[in-house]
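**Q** Give me the fold of what follows.
(chains A and B)
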Amino acid sequence: MNKATIIEDAITYITELQKNVKVLSNQLMEMEVSSIEDAKALSKETDAPEETEENRIEPDVKVIYVNGNKLWMKMIFENRRGRLTKLMEALSAHGFELNDVSVTTSMGATLISSCVEGTLGEVLEASSMSELLQEIIKHI
Amino acid sequence: MYVETDPDCFDPNDPYSIGEVADCLGFPQALQDPHESSTFEQTMGLHEDVHSNMENCYENNENDTHLMQGMIHDGAATNHLDNQALALGNHQAPIDNNWSYAAQNFDNGPPIMLPDGQIPMIAPTLDLLDLFHNLPPRSSAALLQNQPIPSLIEPIPMGVYDPLLHLAPHPPPPLMRDLFHSLPHGCYRGTSSLFGDGGDDDGGLLYHQNHHQETENGMLKFSQDINVCLGNGRERKATKHFTTDKEKRSQMNDKFAILMSLIPNPIKTDRASVVGEAIEYIKELLRTVDELKLLVEKKRCGMGSRRKRHRMEDGDMESCITDKPISEPDQSYSSALRSSWLQRKSKVTEVDVRIIDDEVTIKLVQRKKINCLLYVSRVLDELHLDLQHVAGGHIGEHYSFLFNSKVLSPFLLLVTDFVWTRKLPMKWILLFLQIYEGSPVFASAIASKLIEAVDGQYAMSCPTGSY
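**A** All right, here's what the predicted structure looks like:
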């Protein structure tokens, strides 16, 4: 086995494996299509129990001034699908950047604690930030 | 007389026995009646003539280059062959048996006449044996199968080897020896024994050595030419050894280029990295194939019972977020856990996705900081992966996030190749994702989409940034 044959064999083997992957994926896709309706029905079921079984979760926001342009915030809100994304979008729209983020979800609630920094140069103030965040939570 | 196959009749060290073989090999006179004993005297006479011929050749060493080239280009084997044979000479190898075989073949050989009419003197020393022994494989095989002798010599476009000339009392000029190093490898199966070099199966190496040894460009040219020439006249199976160094290099480069094109997102283009990444990619493909097989099997088995399982496990998942939920396999499911792991890298981004059964762990490393939390969560929404945990750390230039997510609805993602086109600053993001059982989210799709999204956002946010 010299270098040339090793390289050739590697090329052959890779193409063969890629072909296998493709075949299997297609096979899986065909099988998936037939069962996707079942799955959709299931997903609706799984979403609903979270809201009705758990106690309604009150949004809670705490903001503390750290230093400079940095604030520390802690948020608790109900965990619904896509909420985190919307929250991120809203925050970035305002020019806030999250550093050292920790997000935890449990029992249908989401807890976010993070440092917030302004990227647009504005001076952040704790109380106004707190109100802003509560507004955001209401809308997402 | 030399029809006899008795090897003992031939003494390699006895120059006079050469005559016998010369007899067989092709004196015109001898061929008419190879059995004639009187040919011995004839061969002796011719032998002396040839000997002086050879000495003339040696005196013309400075013309070797031309001689050799003449050999190639004219195809005429005149005195030049003398030099060649001389080079072959002076090396002793016990090839008696071969010689006897060769001897047998001479009966059937037609007259062998050099193009210019020179009578080929045969120098039946062991050196000559070497010559025949080391002809191309086809010819060697022919030898052993008692093929007619012309088969030995036909392929050589330059005509007939003038095989004698081993009679030279002094060693052949070193250039000649080097020259014959360069002859087609197929010719020199026994080269290592012949020339006392370390044997090497790689004809290229032999050739390579020759290049190093050669000091004259002319000789080099000759060795290249002779390879080509001899190659053309031979069976194809010997042509492998005829590629020059340059051709070999270009072939290797082509192969490396092909290999690199197969690898997704190659970062470095040097050979070692390409090989390394190919290794990783092959392992990844193997894992993916296993995963897919498992998924197919599970899907086949579990279509009917999925509904029930979802109801059962829903409540459990909430409470064991950080634990890996061990789903009780349905009786019809295979008991193996679906698992996959792959990595994707770009110049500034590195993504590591691991899926174990219904939990997905994603690590994303970014060098510079951008707010990729947003983009990642977007991508995960697209993939219908619900974030369960996110842990983000900012260490110097790195960020770290931990996400734990749950798939809300089965979403089929095919393993496709997303092309990373942009460089990306690096952050660490650790994502834990939970996937409902049976949802075919593929690790590579996750990785690719993430990289694509984060890359794209970075490019958008820093359009003028230099990477």
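
**Q** Which of the three states applies to A:Arg80?
**A** coil (DSSP: H, G, I helix; E, B strand; the rest coil).

**Q** Ignore what I typed, I meant B:Leu337.
**A** Going by three-state DSSP: B:Leu337 is coil.

**Q** For it, which non-adjacent residue is closest in space?
**A** The spatially closest residue to B:Leu337, leaving aside those adjacent along the chain, is B:Asp357, at 4.7 Å (Cβ to Cβ, 6 or more residues apart in numbering or on different chains). Every residue, glycine included, has its C-beta placed from N, CA and C.

**Q** Please verify my assumption that the one you found contacts B:Ser339.
**A** Yes. Taking Cβ atoms under 8 Å as the definition, B:Asp357 is a contact partner of B:Ser339 at 7.0 Å.

**Q** Tell me if A:Val116 really is in a strand.
**A** Yes. Judged by three-state DSSP, A:Val116 forms part of a strand.

**Q** If you tally nearby residues, what's the number for it?
**A** The number of residues packed near A:Val116 is 22, by other Cβ atoms under 10 Å in any protein chain shown.

**Q** residue contacts, it?
**A** A:Val116 makes contacts with A:Val63, A:Lys70, A:Leu71, A:Trp72, A:Met73, A:Leu91, A:Phe96, A:Glu97, A:Leu98, A:Asn99, A:Leu124, A:Met129, as judged by Cβ atoms under 8 Å, 6 or more residues apart in numbering or on different chains.

**Q** does it have beta-bridge partners, and which?
**A** Applying DSSP bridges to A:Val116 gives these bridge partners: A:Leu71, A:Leu98.

**Q** Check what pLDDT it gets.
**A** pLDDT recorded at A:Val116 is 86.

**Q** Could you do A:Ile6 as well?
**A** Turning to A:Ile6, the model gives it a pLDDT of 90.

**Q** can you check the one 5 residues further on too?
**A** Note for A:Ile11: predicted pLDDT of 93.

**Q** Confirm it sits in a helix?
**A** Yes. Counting by three-state DSSP, A:Ile11 is found in a helix.

**Q** residue contacts, it?
**A** A:Ile11 neighbours (Cβ under 8 Å, 6+ apart): B:Lys255, B:Ile258, B:Leu259, B:Leu262.

**Q** try 10 Å this time
**A** Going by Cβ atoms under 10 Å, 6 or more residues apart in numbering or on different chains, A:Ile11 touches B:Lys255, B:Phe256, B:Ile258, B:Leu259, B:Ser261, B:Leu262, B:Ala278.

**Q** shouldn't B:Leu292 be in contact with A:Met31?
**A** No. Using Cβ atoms under 10 Å, B:Leu292 makes no contact with A:Met31, being 11.2 Å away.

**Q** quick one, which of these two is more surrounded?
**A** Each of B:Leu292 and A:Met31 has its neighbours counted (other Cβ under 10 Å); B:Leu292 has more, 24 against 18.

**Q** Leaving out sequence neighbours, find the closest residue to that one.
**A** B:Leu292's closest residue in space is A:Leu24 (Cβ to Cβ, 6+ apart), at 3.7 Å.

**Q** In which helix or strand does the one you found reside?
**A** In this assignment (DSSP states H and E), A:Leu24 forms part of helix A:3-53.

**Q** mean confidence score for the helix or strand following that helix?
**A** Later in the chain than helix A:3-53, the nearest helix or strand by DSSP H and E is strand A:60-67. Here strand A:60-67 scores 87 as its mean pLDDT.

**Q** So strand A:60-67, near chain B or not?
**A** No. Using Cβ under 10 Å from any Cβ of the partner chain, strand A:60-67 never reaches chain B; the gap is at least 13.6 Å.

**Q** Any buried residues in that strand, and which?
**A** A:Val61, A:Val63 (16 or more other Cβ atoms under 10 Å in any protein chain shown).

**Q** roughly how far out does that strand sit from the chain middle?
**A** Offset of strand A:60-67 from its chain centre (Cα atoms, centre = their mean, to the nearest Å): 22 Å.

**Q** From the contact counts, what lies against that strand?
**A** In terms of contacts (3 or more Cβ pairs under 10 Å, 6 or more residues apart in numbering or on different chains; DSSP states H and E), strand A:60-67 is packed against strand A:70-78, strand A:109-118, helix A:126-139.

**Q** can you tell me which of these comes nearest to B:Lys299?
**A** When those are compared by Cβ to Cβ, strand A:109-118 sits nearest B:Lys299, at 32.2 Å.

**Q** Just want the angle from that closest one to helix A:126-139.
**A** 130 degrees (axes from the mean of the first three to the mean of the last three Cα atoms, to 10 degrees).

**Q** Return the set of buried residues in strand A:109-118.
**A** Buried, per 16+ other Cβ under 10 Å, within strand A:109-118: A:Ala109, A:Thr110, A:Ile112, A:Ser113, A:Ser114, A:Cys115, A:Val116, A:Glu117, A:Gly118.

**Q** Report the beta-bridge partner residues of A:Tyr65.
**A** Taking DSSP bridges as the rule, A:Tyr65 bridges to A:Leu71.

**Q** other SSEs contacting the host helix or strand of B:Arg378?
**A** B:Arg378 belongs to helix B:372-382 when elements are defined using DSSP H and E. Applying 3+ Cβ pairs under 10 Å, 6+ apart, one finds that helix B:372-382 contacts helix A:83-93, strand A:96-106, strand B:359-366, strand B:387-391, strand B:402-406, strand B:426-434, helix B:443-461.

**Q** Lowest average confidence across these, which one?
**A** strand B:426-434 - the lowest mean pLDDT of those, at a mean of 38.

**Q** distance of B:Ile395 from chain A?
**A** As defined by Cβ to the nearest Cβ, to the nearest Å, B:Ile395 lies at a distance of 10 Å from chain A.
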